[in-house]
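Got a predicted structure plus its sequence, pasted below:
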Amino acid sequence: MNEHSPLGTPLRLEAGRFDATAENSFTLPAEWYCEPEVYRAEHQAIFYRTWWYQGHVSDLPRPGDYITGDVVDQRILIIRGQDGELRAFHNVCSHRAHPLLQGSGNTRLITCPYHQWCYGSDGRFRQARGRDSLKSWIPDNADLKPVRLEVYGGFLFVNMDSDARPLAELAPKYVRDMEEACPRLGDLVRAERWEIDIQANWKTVIDNNHECYHCDANHKTLMELVDYDNKATWSDDGITFSHKVEKKRLDNGAYALKPEEVEQEALFGYIWPTLIPLMYPGSASLAMFRVMPTGPETTRERWDFYFTSREPTELEHRFVDYIKNVLVKEDVGLCEEVQKGLHSLGYRQGRFVVDRAHPEFSEHHVHFFQSMVRQALLGG
């Protein structure tokens with residue numbers, strides 16, 4: 001029997017033996033990670049209804065400063081108005097749909113490069129050649145269309161759903177966990193952005209991140225850096241979770257540390273649906289790991305590295321090099337091989353290994369994530 005999404009869109013898929021209790025549950029079926037029909041349904045059911053990280057307030061310190069971003073296939077812009085207010089808009093001209101801004105910068109007026117239609121930093125239409133010849137002109141129709149914007153712990157999040165619950169209500173505790181783990185969180189600025197494309201579904205990438213059952217065999221240097229062995233402390237908070245992990249060895253194979261260089265321990269987290277904030281042992285820092293769906297079986301990882309200065313220290317350079325050249329490569333290889341395996345005639349659903357007393361190898365947070373995906377697509 002086919003199930004239906006909450007939007008009434010028929011889906012030719014079933015959850016099979018997926019269960020509400022992780023200990024009893026099979027994983028989501030393989031076709032949920034491969035079928036274009038599922039990916040299309042996720043746009044309305046998940047992508048356009050959730051909060052998506054875009055940047056930080058420090059990216060827009062002056063009136064007229066702007067950044068551009070996206071929510072899957074929806075382009076957005078965030079700009080600080082001449083009145084000092086931060087606003088987000090769909091990054092599309094009301095005239096003929098050309099994108100308005102690219103990258104980041106500063107502008108007093110938003111001018112479309114196609115036909116030069118012009119908007120203020122408040123999104124209001126200002127002028128266009130030939131406007132007076134248009135019949136039944138309604139100026140408000142030409143204004144840029146707003147997007148929900150929320151500042152959460154200094155970070156900028158947008159939501160395509162104007163009626164969405166505030167992120168601060170959905171995740172009231174997580175930002176406090178970040179502030180506790182990194183007392184200098186408010187001093188952080190983005191020093192670097194790095195991206196890599198992966199031949200795997202976005203959920204495959206999230207699943208991999210939500211357990212460390214694979215870490216001993218596949219992340220040997222990470223296991224020298226942090227001590228997972230029955231010492232991880234987990235905290236669930238609505239649409240988020242986090243876990244604290246102590247450092248293990250200063251002379252580890254990931255990036256060596258001196259005692260005076262350790263300002264924070266590790267805090268690894270998640271914000272539904274695609275954001276993975278990571279704090280590693282060392283200087284006051286944060287890596288915002290955003291999983292960006294680009295197709296049914298392709299994903300882009302975007303890593304924003306935050307430090308107390310836009311010029312990283314020697315330690316921070318070593319940390320970034322480790323993430324790029326070791327840790328990410330290890331996980332990319334695993335995710336791409338899993339994605340291939342999901343097409344096998346010998347596999348449809350797996351099982352979760354769940355031992356909540358030993359979170360270093362328990363997969364109950366993979367189930368947490370997959371439950372949210374199932375609820376969004378099928379309801380019930």
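It's in. Just so it is clear, the structure is predicted and the values come from calculations on it, not from any experiment.

List the buried residues in the lowest-mean-pLDDT helix or strand in the chain.
Least confident helix or strand, the chain: helix 139-142 with a mean of 77, by mean pLDDT, DSSP states H and E. Neighbour counts over helix 139-142 (16 or more other Cβ atoms under 10 Å) mark Ala142 as buried. From N, CA and C alone the C-beta is placed, and that goes for glycine too.

And stretch 180-197, by the same measure?
181-182, 185, 188, 190-192.

Do me a favour and get the end-to-end distance for it?
Terminal residues of stretch 180-197 lie 33 Å apart, using Cα to Cα, to the nearest Å.

Just checking the distance from it to the centre of its chain.
Mean-position distance between stretch 180-197 and its chain equals 14 Å (Cα atoms, centre = their mean, to the nearest Å).

can you list contacts of it?
55-56, 58-59, 153-154, 178-179, 244, 263-265, 267, 279, 284-286, 294, 298-312, 316, 320, 324, 328, 332 (Cβ atoms under 8 Å, 6 or more residues apart in numbering).

who does the strand or helix carrying Asp216 touch, helix- and strand-wise?
For Asp216, the host element (DSSP states H and E) is helix 215-218. Packing partners of helix 215-218 (3 or more Cβ pairs under 8 Å, 6 or more residues apart in numbering; DSSP states H and E): helix 220-225, helix 328-341.

so what's Asp132 up against?
Taking Cβ under 8 Å, 6+ apart as the definition, Asp132 has no contacts.

what are the phi and psi values for Glu35?
According to degrees, to the nearest 10, the main-chain angles of Glu35 amount to phi -80, psi 130.

Return the residues in contact with it.
13, 296.

Count the neighbours of Gly84 for me.
8 (other Cβ atoms under 10 Å).

now swap in Arg129 and tell me
Neighbours around Arg129, by other Cβ under 10 Å: 10.

Excluding covalently adjacent residues, which one is nearest to it?
Spatial nearest neighbour of Arg129, excluding adjacent residues (Cβ to Cβ, 6 or more residues apart in numbering): Gln116 at 6.6 Å.

Which among the helices and strands packed on helix 215-218 is found nearest to Ser162?
Closest of those to Ser162 is helix 328-341, at 33.8 Å (criterion: Cβ to Cβ).

coming back round to it: what's the neighbour count on the residue nearest to Arg129?
As a burial measure, Gln116 scores 12 neighbours (other Cβ under 10 Å).

Go ahead and confirm it touches Ala128.
Yes. The pair Gln116 / Ala128 is scored as a contact, 7.2 Å apart, by Cβ atoms under 8 Å.

returning to that earlier point: which of the contacts of stretch 180-197 are buried?
Burial by neighbour count, 16+ other Cβ under 10 Å: within the contacts of stretch 180-197 this picks out 55-56, 59, 153-154, 178, 244, 264-265, 267, 279, 284-286, 298-308, 312, 316, 320, 328, 332.

Just to be sure, which of these are found in strands?
For those, the ones inside strands are 55-56, 244, 267, 279, 286, 298-307, with DSSP state E as the criterion.

of those, closest to Ala217?
Of those, the one sitting nearest to Ala217 (Cβ to Cβ) turns out to be Glu301, at 21.6 Å.

now the closest one, nearest residue through space, not along the chain?
Nearest residue to Glu301 in three dimensions, chain neighbours excluded: Ile196, at 5.1 Å (Cβ to Cβ, 6+ apart).
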